[in-house]
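K.L.:
have a look at this prediction, sequence included:
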Amino acid sequence: MNMEFADTPDTLEYRFDTLVPDTLYSITMRIGFRIEPRVSLYLRQVVEDLVADGKVDLTSSYPSLRKNGIPGDFRFIIIHRVYYPESSVNRQQNLLMSMYALISKIGIDEPKALGLDTSMVVVERVPLIISQRNGSIRRITQIVEEE
């Protein structure tokens, strides 16, 4: 699921894409700046629409669970971009990004801000690389054993 915040105040819409048939789907929600981001509630509404349209089957793909009608599970993956000061050449940019990192530590975490059930949330941290400093990084070499 991807969240986009729209400049219009009352926008509340979604787009559905199939990534892997019967396995993996992508939902993009566009939410206006006046709308409270109650993602769990909106996702439930989206899933109900998709099931009613026959685009998604909620029954588990495991035969033992399917015969008892047990539904599959959901998992939210939040990609959190982490800034590394080594990736910036500019001092001003480095200071600004360091302040952003400090402010984000003070603020509320994303699963709580989005109203997600924390038992179904995985937060992945991905490095945010602004620019490469190839000239100042030494290349590591392999140790070659002599025979």
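P.N.:
Received it, and whenever you're ready, just let me know what you need.
K.L.:
what's the spacing between residue 48 and residue 22?
P.N.:
Residue 48 sits 18 Å away from residue 22, going by C-beta to C-beta, to the nearest Å. From N, CA and C alone the C-beta is placed, and that goes for glycine too.
K.L.:
so which of the two has more stuff around it?
P.N.:
More neighbours surround residue 48 than the other of residue 48 and residue 22, with 12 against 9 (other C-beta atoms under 10 Å).
K.L.:
wasn't that one part of a helix?
P.N.:
Yes. Applying DSSP: H, G, I helix; E, B strand; the rest coil, one finds residue 48 inside a helix.
K.L.:
what about it, distance to residue 110?
P.N.:
For residue 48, the distance to residue 110 - C-beta to C-beta - is 24 Å.
K.L.:
ok, residue 21 next?
P.N.:
The gap separating residue 21 from residue 110 is 29 Å, by C-beta to C-beta.
K.L.:
out of the two, which sits in the busier spot?
P.N.:
Counted by other C-beta under 10 Å, residue 21 and residue 110 do not tie: residue 110 has more neighbours, with 18 against 7.
K.L.:
look up the closest residue to the more buried one, ignoring the ones flanking it.
P.N.:
Counting by C-beta to C-beta, 6 or more residues apart in numbering, residue 110 lies nearest to residue 78, which is 5.2 Å off, once chain neighbours are set aside.
K.L.:
could you give the bridge partners of that neighbour?
P.N.:
Residue 78 has the following beta-bridge partners by DSSP bridges: residue 123.
K.L.:
no further questions, thank you.
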